[in-house]
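[1] just need the structure, nothing else, for what follows:
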Amino acid sequence: MGHAGGGGGHRDRAGRRTREWGTPGDDPFPAGGEVRLCVYRVPASEQGTAKPAGEFEHGGILRSDRWAPIATAVLAAGPAERCSAPAGRFAVLRRADGLGVGIYVELDGCQRILTLTLTGRTVLAQGNAELVELLDSQD
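    This next block holds a predicted model:
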């Protein structure tokens, strides 16, 4: 995979280690707009394959108050930890207007975040239970 985890990270105002995205173009949704979330379940036969196919569970357009904490969590994620547990569920975030690229988050297994950036980089970062909860909420 292209670039794993950015340039070593920096610290946010609370002193937490975060990943550096590199350039402003690395924000996958820099111009705002509506974001569509789709959550999928991966059949056991697909888990651990190079490109697992998922069955749609739920999703829709995120309200801005729901998207904001998700975006903050994704942009603050640190480098991915070593892990080989296959994901049984994942979420995909894309701009609703089709512009830009996407964010893929494992909702179980390793809870990794794979972001394809507008500059063509692939960034692999580490998600957590809080991000999973934000993505899996159906409110």
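[2] mind checking the longest helix of the protein?
    Ranked by residue count, the top helix of the chain under DSSP state H comes out as helix 64-76.
[3] same for it, what does it pack against?
    When contacts are defined as 3 or more Cβ pairs under 8 Å, 6 or more residues apart in numbering; DSSP states H and E, helix 64-76 sits against helix 129-136. The C-beta positions use only the backbone N, C-alpha and C, and glycine is treated the same way.
[4] my guess is V105 contacts L124. True?
    No: using Cβ atoms under 8 Å, V105 is not in contact with L124; the gap is 11.3 Å.
[5] got any residues that touch both of the two?
    Applying Cβ atoms under 8 Å, 6 or more residues apart in numbering, one finds that V105 and L124 are jointly contacted by 112-114.
[6] quick one: average confidence on the helix or strand encompassing A91?
    For A91, the host element (DSSP states H and E) is strand 89-95. Strand 89-95 comes out with an average pLDDT of 93.
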